[in-house]
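Colleague: This is the structure alone, sequence omitted:
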């Protein structure tokens, strides 16, 4: 007589099941990971799969590195080498800083860099202030409960449209004003959701204890919430900074004065559209080759974000992922 434990014991697969023909996906998994009864993600990849992944990673890396190397090398190349290479140089034999000296001496490019820096710094600070205040306020209990909260959040994801936005900027008197490059972008719904979710993950015992001690909402935000939220603030600040630095569409709509153009408008007008920067436009007597000038402008426009990004990389997984999961 068999016991219940013997009836529940696992049995070995029958010969008929082992001889059953395998599907194509099963044969592919078997070729990649070998024959095993364990799940595929628990197995060590085979040599063929490792080589294939290495090839894909190297191909993707080269597709990013080589164009960047060409841009940087062309910006340092001399006019003779650019003409001999047909317009683009991979390795400059006689590097020169003439293109960079010209654009930094040019009132047009230097002024556009100043506009971009001002818009990015001021816009990022204002955007963080607005987002932090609104995210903290809506992370607390609100009048009307979840219905009112969802009604407020849903309205943040709908844009008023191009024409209403232009009419509003015009009625506010912001046309041909540097504030037209800042104010339309001081709030983003995605950044608000991430920051609010992070604030909701902060233990309520901390805020309740501070409230019992007589702390106001602004003091709780300043002394408790913000020190615990450095990671998400750094990430959201980088998102806003990249958005302000790369924005050019608002300048196309609201700015007619060329002296208020950001650096991205210079890129669009003289690099993407193929218009050459003449010596008169650059404010110099003799300009280097147009191709080296264009590539130097591209490098100058990319350098600030490339230099800042590595210092904030460590906050991404802690800030964005944590904020998204806790919501």
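Modeller: Great, that's in hand. Not measured: the values here are computed from a predicted model.
Colleague: Please make it C-alpha for all contacts and neighbour counts, starting now.
Modeller: Noted.
Colleague: any residues touching the helix or strand in which residue 211 is found, and which ones?
Modeller: With elements taken from DSSP states H and E, the one containing residue 211 is helix 204-212. Residues from elsewhere that reach helix 204-212 (Cα atoms under 8 Å, 6 or more residues apart in numbering): 220, 224.
Colleague: mean confidence for that helix?
Modeller: Averaged over helix 204-212, pLDDT sits at 85.
Colleague: Would you pull up how far it lies from the middle of the chain?
Modeller: 35 Å (Cα atoms, centre = their mean, to the nearest Å).
Colleague: buried residues in that helix?
Modeller: Using 16 or more other Cα atoms under 10 Å as the burial criterion, the residues of helix 204-212 that qualify are 207, 210.
Colleague: Renumber starting at 6 from here on
Modeller: All right, first residue 6 from here; so that's helix 209-217.
Colleague: Give me the pLDDT value at the nearest residue to residue 80 once chain neighbours are set aside.
Modeller: Computed as Cα to Cα, 6 or more residues apart in numbering, the closest residue to residue 80 that is not its neighbour in sequence is residue 297, at 4.4 Å. On pLDDT, residue 297 comes in at 81.
Colleague: Next, count neighbours for residue 297.
Modeller: 28 (other Cα atoms under 10 Å).
Colleague: ok, it to residue 116 distance?
Modeller: Separation of residue 297 from residue 116 (Cα to Cα, to the nearest Å) stands at 20 Å.
Colleague: what helix or strand is the residue nearest the centre of the chain on?
Modeller: Nearest residue to the geometric centre of the chain (Cα atoms, centre = their mean): residue 244, 5.4 Å. Using DSSP H and E, residue 244 falls within helix 235-251.
Colleague: now swap in residue 143 and tell me
Modeller: Going by DSSP H and E, residue 143 is part of helix 112-144.
Colleague: could you say what helices and strands that helix packs with?
Modeller: helix 103-110, helix 194-205, helix 235-251, helix 268-272, helix 284-287 (3 or more Cα pairs under 8 Å, 6 or more residues apart in numbering; DSSP states H and E).
Colleague: list the helices and strands the third one packs on?
Modeller: Taking 3+ Cα pairs under 8 Å, 6+ apart as the contact definition, the neighbouring helices and strands of helix 235-251 are helix 112-144, helix 194-205, helix 295-317, helix 321.
Colleague: Pick the most buried one from the ones you listed.
Modeller: Sort the helices and strands packed on helix 235-251 by mean neighbour count, taking mean count of other Cα atoms under 10 Å, and helix 194-205 sits at the top with a mean of 22.
Colleague: chain center to that helix, what's the gap?
Modeller: That offset, for helix 194-205, works out to 16 Å (Cα atoms, centre = their mean).
Colleague: and if you look at stretch 186-195?
Modeller: Worked out by Cα atoms, centre = their mean, stretch 186-195 lies 15 Å from the chain centre.
Colleague: So for that stretch, mean pLDDT?
Modeller: 87.
Colleague: and that stretch, how far apart are its ends?
Modeller: Stretch 186-195 end-to-end distance (Cα to Cα) = 20 Å.
Colleague: Could you do stretch 227-241 as well?
Modeller: End to end - Cα to Cα - stretch 227-241 spans 17 Å.
Colleague: for stretch 154-174, same thing?
Modeller: End-to-end for stretch 154-174, by Cα to Cα: 28 Å.
Colleague: Count the residues that sit near residue 90.
Modeller: 12.
Colleague: Help me confirm that residue 294 comes into contact with residue 85.
Modeller: No. Counting by Cα atoms under 8 Å, residue 294 sits too far from residue 85 to count as a contact (9.1 Å).
Colleague: Does the helix or strand just after the helix holding residue 216 pack against any helices or strands, and if so which?
Modeller: Next in sequence after helix 209-217, counting helices and strands by DSSP H and E, comes helix 222-225. Here helix 222-225 is seen to pack against helix 209-217 when contacts are counted using 3+ Cα pairs under 8 Å, 6+ apart.
Colleague: where are the low-confidence patches of the chain?
Modeller: Residue ranges of the chain with pLDDT under 70: 6-48, 147-151, 275-293, 317-332.
Colleague: do that again at 80, thanks
Modeller: 6-51, 83-84, 87, 89-92, 107-114, 145-166, 274-296, 313-332 (pLDDT under 80).
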